[in-house]
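Asker: sequence below, structure please.
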Amino acid sequence: MQLTREKWSKNFSEWFDWVLREGEFYDYGRYPIKGMGVWMPYGFKLRQNVINLIRKLLDLTGHEEVLFPLLIPEDLLRRESTHIKGFEGEVFWVTKGGDEDLDIRLALRPTSEVAITWMENLWIKSYKQLPKKYYQIVSVFRYETKATRPMIRLREITTFKEAHTVHETYEDAQKQVEEAIEIYKKFFDEIGIPYVISERPEWDRFAGALHTYAFDTIMPDGRVMQIGTVHHLGQNFSKALDFKIQKRDGSLDYPHQTSYGISDRAIASVISIHGDDHGPVLPPSVSPYKVVLIPIPAKSEDENKRVLEYLQEIYEILIKNNISSIIDYDPEKTPGEKYYIWELKGVPIRIEIGPREVSSNTVFIKRRDNLESYKVKKDELIIRINEILNDIQENLRKRAWEFMNSKIKYSNDINEAKKIIEKELGIVEVPWCGKNECGLKIEELTDTRVLGYPIEERRVNDKCVICKMNAKTVLRIAKTY
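Answerer: Numbers count the residues shown, from 1 in each chain. So this is what the prediction gives:
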């Protein structure tokens, strides 16, 4: 059977809502607060696997996990003026405790730079304690006034991994930025999500940051979604909180900081980018189950009993070899109904076992990514399953990058760039002189959002599309979520 991607690409919004609901990942729109969804058991397992992956990468690079309170007092949040200005319109405020008005408003954490800096000021006194790398995985709240979307634009972001680091010098902090970018590359590579890395322009940096670097991916409908950010905060927050350390020359000075985050959007990208018209295809690296086993009914009770005993034996072999698996015993559903359900859940491999497999001591394997099937002897099962899982992982990664690269275009004409975006979406790179006024003009003339410019050097033998001076790099533009 040829797997199509028509619904997936042309009606992505409907496709995504259908997958989240029918695949039992995330119940959105029925909880009685706008912009807040509920992780269902199957989706929660996927979320847990994604969290475990980023947690492992952070732990391996010397980060320490912490857990801060949800509430931040208003006077603390206002200590960094640029920061609060950037978030002011999005903050949820707690103003009462029971029937009593609070003396000071408390913010539901929109992010944690000031709260963590406040405590770092108490904990860190000397360069000898540096570098210090903390992270937490928590909910953050933002009063989104734009149309909310499940996992993509929320008022409660339930999977906010935020890392915060402290360094003696600007250069040390910059090295940490580079380490964070490498960690995120490994993370997104492991889940097969393609990306471009851009430095955001000055007018679109994180509030209070000196530099913001962003990972963006292209969704099935061609719109671009930010999936990770890394910020060099310089001394902005340490000065605002009067946080000083003793440097190695004996002087007291404000340390330099970084912060970097990913969110529920990483999980949204895993579900979306590898999909087709049958539903998602989850990478084996994070799928809640790598294998689903489905019994094929026999004609007699004795045969059915032998099928179930053989099915259980195969299941135990898989579990013993650390291959997460589940048996669908549901007697009320036909095998065909079960195929539909588990394809919609994106499980990478399906094993079907009936009387034929019992008598021949084999299993029948079906891949989710391309629906190819194989008959495999029982004593070759583990070797073959691992080979197929590795092949699916690589196949998903390769297909996702090919899709992404096909959606990135170059144009040295502003009108043509606008037409490409209007017709195909994706990302268009245009030659740029580096001046803010030209960047803002590009944004205005194309009715797009500027993503920024590549972090690696890009030689361009063209003129800036606005001022016609020699271009220094390219500016990426796109329609975004």
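
Asker: buried residues in the helix or strand encompassing R384?
Answerer: Per DSSP states H and E, R384 falls inside helix 381-406. By neighbour count on 16 or more other C-beta atoms under 10 Å, the buried set for helix 381-406 is 381-382, 385, 388-389, 391-393, 395-397, 399-400, 403-404. For the C-beta atoms, the positions are set from N, CA and C on the backbone; glycine is no exception.

Asker: quick one: the strands in the stretch 51-200 of the chain?
Answerer: Per DSSP state E, counting those that start in this stretch, the stretch 51-200 of the chain carries strands over the ranges 64-65, 71-73, 93-97, 100-108, 132-141, 156-167, 196-199.

Asker: got the CA positions of the third one in CSV?
Answerer: These are the backbone C-alpha positions of strand 93-97, laid out as CSV (Å, rounded to 0.1, in the frame of the first residue of the first chain):
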residue,chain,number,x,y,z
TRP,A,93,-1.4,37.3,38.6
VAL,A,94,-2.5,35.8,41.9
THR,A,95,-4.1,38.7,43.9
LYS,A,96,-6.0,36.9,46.7
GLY,A,97,-5.4,34.3,49.3
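
Asker: quick one: that strand to chain centroid distance?
Answerer: 32 Å (C-alpha atoms, centre = their mean, to the nearest Å).

Asker: packing partners for that strand?
Answerer: On a contact count with 3 or more C-beta pairs under 8 Å, 6 or more residues apart in numbering; DSSP states H and E, strand 93-97 meets strand 100-108.

Asker: so what strands line up beside the strand it packs on?
Answerer: strand 71-73 (antiparallel), strand 93-97 (antiparallel) (DSSP bridges).

Asker: so it versus strand 156-167, what angle?
Answerer: 70 degrees (axes from the mean of the first three to the mean of the last three C-alpha atoms, to 10 degrees).

Asker: for strand 100-108, give me every contacting residue.
Answerer: 70-75, 77, 91-96, 140-141 (C-beta atoms under 8 Å, 6 or more residues apart in numbering).

Asker: how about it: buried residues?
Answerer: R105, L106, A107, L108.

Asker: can you tell me which two in these are farthest apart?
Answerer: The span of the buried residues of strand 100-108, defined through C-beta to C-beta, is set by R105 and L108 at 10.6 Å.

Asker: sort the contacts of strand 100-108 by pLDDT and name the bottom one.
Answerer: Across the contacts of strand 100-108, the bottom pLDDT score, 89, is held by L77.

Asker: ok, back up a step: which of the contacts of strand 100-108 count as buried?
Answerer: I72, P73, E74, L77, V91, V140, F141.

Asker: nearest to L445, of those residues?
Answerer: The closest of the buried ones among the contacts of strand 100-108, once distances to L445 are taken by C-beta to C-beta, is V91, at 33.4 Å.

Asker: center of this protein - which residue?
Answerer: Here the mean C-alpha position of the chain is nearest to the C-alpha of A266 (C-alpha atoms, centre = their mean), at a distance of 1.2 Å.

Asker: can you tell me the element that residue falls in?
Answerer: helix 264-273.

Asker: skip the chain neighbours and tell me the closest residue to W401.
Answerer: P194 (4.5 Å; C-beta to C-beta, 6 or more residues apart in numbering).

Asker: check R78 too.
Answerer: I84 (4.9 Å).

Asker: that neighbour and L76 touch, don't they?
Answerer: No: with contact defined as C-beta atoms under 8 Å, I84 does not reach L76; the gap is 9.9 Å.

Asker: list the helices and strands the helix holding A266 packs on?
Answerer: helix 12-22, helix 41-60, strand 156-167, strand 224-234.

Asker: and of these, who's closest to I341?
Answerer: helix 12-22 (8.3 Å).

Asker: tell me the buried residues in that closest one?
Answerer: For helix 12-22, using 16+ other C-beta under 10 Å, the buried residues are F12, W15, F16, D17, V19, L20, R21.

Asker: show me which of those is closest to N461.
Answerer: F12 (36.4 Å).

Asker: just want to check the distance between that closest one and F25.
Answerer: Distance of F12 to F25, computed by C-beta to C-beta, to the nearest Å: 16 Å.

Asker: do the same with L318
Answerer: 23 Å.

Asker: comparing the two, which shows the higher neighbour count?
Answerer: Taking neighbours as other C-beta atoms under 10 Å, L318 and F25 compare with F25 leading, 30 against 22.

Asker: now the more buried one. Nearest residue, chain neighbours left out?
Answerer: Per C-beta to C-beta, 6+ apart, closest to F25 is G43, 3.4 Å.

Asker: what of R476?
Answerer: L451 (4.0 Å).
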